[in-house]
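>>> This is a predicted model, with the sequence first.
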Amino acid sequence: MTDVEIPEDHPRYESLVTRHRIEGGVERGITSRQGLIAQGRGEAFDYLLGERTIESADLAARAAAAHLLLADRPVLSVNGNVAALVPGEIVELADVVDADLEVNLFNRTAERMQAIADYLREHGATEVKGLAADARIPGLAHERAKVDADGIAAADVVLVPLEDGDRAAALSDLSKTEIVIDLNPGSRSARVADVPIVDNVLRAVPNVTRHARALRDRPREELEVIVREFDPEDALEAAERTIRTGSFADGGE
Ligand code: PTJ
């Protein structure tokens with residue numbers, strides 16, 4: 001997606017590759033310019049968390065996998081940042097948990113909707129929802145409220161990575177189970193989620209897939225116990241504690 005060469009032994013290799021993917025997303029018309037700012041904010045939190053999946057985030061990823069496997073109509077929402085960073089990985093997760101993919105944008109334009117749907121198809125998606133936009137999330141201004149009637153509107157479990165706080169709150173008011181991936185444990189999206197995964201979307205999406213593969217042949221009752229025992233407050237507190245007590249100098253250069 002980008003022609004910039006980054007040496008693999010560079011100490012900030014992963015972070016630099018991520019930046020270039022987001023930049024490439026903007027160039028392709030997939031990611032919004034605000035997506036660049038969102039990525040910078042996320043990076044700062046990732047730095048403070050030690051750029052790793054902390055134990056509480058792994059437990060949250062496992063609970064998310066159990067929810068998605070138990071769901072009747074799971075939907076994975078895809079925005080411009082998710083499409084640029086984890087296009088193949090989100091398609092793979094949808095496949096493993098048998099979920100629909102729906103493009104759902106904060107800064108919605110017809111061109112960007114189409115570019116993201118095409119990009120997901122290039123990465124193996126067969127069906128991509130979101131373009132019909134024949135339903136609305138109540139309580140939100142027009143463009144941001146648009147969803148598909150047989151997609152997010154009808155879903156019982158929705159994964160919304162990197163969601164804006166307003167929309168995350170409106171979705172949670174619809175009494176759907178909401179799984180959020182957000183590196184900021186203080187963000188409104190993480191706070192309204194039934195399952196907040198405080199981790200980088202780059203690590204979190206493949207991790208949910210890994211858990212789903214391990215859990216998919218287990219009895220329903222076992223998945224229900226995993227879901228019941230997960231406490232979102234504990235997950236947020238653990239992430240905040242990690243940030244407050246971590247070694248600031250370990251994160252990078
Ligand atoms: O493509 P669109 O139009 O739907 O817009 C997408 C963005 C992300 C621009 C939009 O939803 C937005 O403005 O989001 P916010 O309000 O900036 O929130 C993004 C949240 O995601 C922040 O709390 C960031 O810390 C977090 N974040 C950013 N990058 C990552 C991340 N969380 C996990 N992984 C990341 N790579």
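Nice, thanks for sending it over.

>>> Could you look up the SS state of L101?
strand (DSSP: H, G, I helix; E, B strand; the rest coil).

>>> who are the neighbours in contact with it?
If you count contacts by CB atoms under 8 Å, 6 or more residues apart in numbering, L101 has them with 75-76, 78, 90-91, 94, 120, 125, 127-129. All C-beta atoms are positioned from the backbone trio N, CA, C, and that covers glycine.

>>> Tell me how far it lies from the ligand.
The gap separating L101 from the ligand is 14 Å, by CB to the nearest ligand atom, to the nearest Å.

>>> And for V128?
The spacing between V128 and the ligand, counted by CB to the nearest ligand atom, is 15 Å.

>>> Wait, that residue touches A115, no?
No. Applying CB atoms under 8 Å, one finds V128 not in contact with A115, separated by 11.4 Å.

>>> more crowded one of these two?
A count of neighbours by other CB atoms under 10 Å puts V128 above the other of V128 and A115, at 22 against 19.

>>> Quick check: beta-bridge partners of that one?
Beta-bridge pairing of V128 under DSSP bridges involves L101.

>>> so what's it up against?
101-103, 116-117, 120-121.

>>> Once you drop chain neighbours, what's closest to E55?
A238 (7.4 Å; CB to CB, 6 or more residues apart in numbering).

>>> Please report how far the one you found lies from the ligand.
Taken as CB to the nearest ligand atom, the span from A238 to the ligand is 16 Å.

>>> if I pick that residue, what's in contact with it?
A238 sits next to 54-56 when contact means CB under 8 Å, 6+ apart.

>>> In JSON lines: those, plus pLDDT.
Formatted as JSON lines, these follow (pLDDT from 0 to 100):
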{"residue": "I54", "pLDDT": "97"}
{"residue": "E55", "pLDDT": "97"}
{"residue": "S56", "pLDDT": "98"}
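
>>> Pull out the buried members of the residues you listed.
Listed as buried from the contacts of A238 are 54, 56; burial here means 16 or more other CB atoms under 10 Å.

>>> and stretch 86-99 with the ligand, contact?
No. Stretch 86-99 lies out of reach of the ligand by CB under 6 Å from any ligand atom, never closer than 8.8 Å.

>>> what comes up buried for that stretch?
Applying 16+ other CB under 10 Å to stretch 86-99 flags 86-87, 89-94, 96-97, 99 as buried.

>>> okay if I get those as CSV plus pLDDT?
Shown next, in CSV, are those (pLDDT from 0 to 100):
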residue, pLDDT
V86, 96
P87, 97
E89, 97
I90, 98
V91, 98
E92, 98
L93, 98
A94, 98
V96, 98
V97, 98
A99, 98
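
>>> Which of these sits closest to the ligand?
Nearest to the ligand out of the buried residues of stretch 86-99 is V86 (CB to the nearest ligand atom; 8.8 Å).
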